[in-house]
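A.B. asks: Sequence first, predicted coordinates after that:
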Amino acid sequence: MTTPHINAEASAFASTCLLPGDPLRAQFIAENFFTDAKQVCDVRNMFGYTGTYKGQAVSVMGTGMGIPSCSIYATELIQHYQVQRLVRVGSCGAVLPEVQLRDIILAQGASTDSAVNRQRFGGYDYAALADFELLSKVASYAQQHGQKVRVGNVFSADLFYGVNDNLTDLLARYGILGVEMEAAGLYSVAAAHGAQALTVLTVSDHLQTHQQMSSQERQTGFADMVELTLNSLFS
Ligand SMILES: O=P(O)(O)O[C@H]1O[C@H](CO)[C@@H](O)[C@H]1O
Ligand SMILES: O=c1cc[nH]c(=O)[nH]1
C-alpha cells in the first residue's frame, strides 16, 4: 500500500531522509552525493530517492514549499515509511547584517507566524526545537572540521511575499538567523510522532541588501550544506 502522496514500496525509504523543498534539488543530491541512487516515488513530481552514503542507506525527498506541504510528506514518511531522522536541507533569507549569502545555519529553534502548531498543540505556543542529538552531530562535526555554521532561531513564514513591512526589523531585533517556510512545522510533526528532525539552511537571499541567488543555484549550489549534513550524520 502506498500513501496518497508517495507511491513508493513500503520498504523504499531509509531511516534517514534529507528533505529539500525543491524536488529537483532532491534529484541533484541523489545523483551527485549518493551511491546507487534509485528513484522511489514521483507523485506530483515530488521526487524521492534512496541510495547509500559511505555504505549506509539514505534517502532524499522534496517537500514542496510551506508548512502544509512539508507536513504531509513528513507525516507519511514517518508513519508509513518508518523514517526516523528527517533533515531538511533548505534555503533561507537573512535579516541580520552579519549573516551573509551562502552562510550555513542550523535551526536550533523555529519561530513562526503559522497557526499550524497551535492547532496541533491544544491552542498553546509550541516551542519548535531541533532534535538535540542531530543538532549536536552537525554542529560538532562542523566545529571539528573548521566549517563555520551559525546556530540559533529561524522564522518559518507562511508568506514568501510578506505583507508586514516591519517584520524584517522585528526578526533582526530578536536575532533571527534566517527566514524560511517549513522548519516549525517539520519540528512539530516529528515531535508528535516520536521522530527526530533538524533543519539545515543556506542563505540564498538577504532581505536587507536584496542580494539573491539564482534559481539554478538554489537547485544545484548547496554542495557545502549537503556534504556537511551527510558527513555529520554518517561519520
Ligand atoms: O529552498 P527550500 O528548501 O524550498 O526552502 C525555502 O525556499 C522556498 C521559497 O523560495 C521555501 O520552501 C523556503 O522554505
Ligand atoms: O522563505 C524564504 C526562502 C528563501 N529566501 C527567503 O527570503 N525566504
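C.D. replies: Cool, got the structure. Residues are numbered from 1 along each chain as shown. Ligands and ions are numbered 1, 2, ... in the order given.

A.B. asks: does the lowest-mean-pLDDT helix or strand in the chain come close to ligand 2?
C.D. replies: Least confident element among the helices and strands of the chain, by mean pLDDT, DSSP states H and E: helix 215-220 (a mean of 91). No - Helix 215-220 is not in contact with ligand 2 by Cβ under 6 Å from any ligand atom; minimum separation 8.0 Å. C-beta coordinates here come from the backbone N, C-alpha and C atoms, glycine included.

A.B. asks: Tell me where the chain has strands.
C.D. replies: Ranges of strands in the chain, per DSSP state E, are 16-19, 35-41, 48-53, 56-61, 85-94, 104-112, 150-156, 178-180, 196-206.

A.B. asks: Could you dump those into JSON lines and include mean pLDDT?
C.D. replies: Listed next are those as JSON lines, based on pLDDT from 0 to 100:
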{"stretch": "strand 16-19", "mean pLDDT": "98"}
{"stretch": "strand 35-41", "mean pLDDT": "98"}
{"stretch": "strand 48-53", "mean pLDDT": "98"}
{"stretch": "strand 56-61", "mean pLDDT": "98"}
{"stretch": "strand 85-94", "mean pLDDT": "98"}
{"stretch": "strand 104-112", "mean pLDDT": "98"}
{"stretch": "strand 150-156", "mean pLDDT": "98"}
{"stretch": "strand 178-180", "mean pLDDT": "98"}
{"stretch": "strand 196-206", "mean pLDDT": "98"}
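
A.B. asks: With respect to L233, which of the ones you listed lies nearest?
C.D. replies: Of all these, strand 16-19 sits nearest to L233, with 5.9 Å by Cβ to Cβ.

A.B. asks: what pairs with that closest one, and is each one parallel or antiparallel?
C.D. replies: Note on strand 16-19: by DSSP bridges, its sheet partners are strand 56-61 (parallel), strand 85-94 (parallel).

A.B. asks: got the residues of the protein near ligand 1?
C.D. replies: Within the chain, the positions adjacent to ligand 1 are P20, G21, D22, M65, G90, S91, F160, E180, M181, E182, R218 by Cβ under 6 Å from any ligand atom.

A.B. asks: repeat that for 8 Å
C.D. replies: The chain comes close to ligand 1 at residues 19-22, 25, 63-66, 70, 88-92, 156, 160, 180-183, 201, 204, 218, as judged by Cβ under 8 Å from any ligand atom.

A.B. asks: any idea how far T168 is from Q108?
C.D. replies: Distance of T168 to Q108, computed by Cβ to Cβ, to the nearest Å: 21 Å.

A.B. asks: picking up where we left off before, Produce a PyMOL select command limited to the buried residues of the residues of the chain next to ligand 1.
C.D. replies: To isolate the buried members of those in PyMOL, using 16 or more other Cβ atoms under 10 Å:
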select buried, resi 19+20+21+22+25+63+64+66+70+88+89+90+91+92+156+180+181+182+183+201+204+218
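
A.B. asks: what's across from the residue of the chain found nearest ligand 2 in the sheet?
C.D. replies: Going by Cβ to the nearest ligand atom, ligand 2 is nearest to G93 of the chain, at 2.4 Å. Beta-bridge partners of G93, counted by DSSP bridges, are V179, D205.

A.B. asks: Any regions of this structure where pLDDT drops low?
C.D. replies: Counting by pLDDT under 70, the chain contains no low-confidence range.

A.B. asks: Around ligand 2, pick out the residues from it.
C.D. replies: Counting by Cβ under 8 Å from any ligand atom, the chain sits next to ligand 2 at 65, 90-93, 157, 160, 178-181, 204-205, 207, 212, 218.
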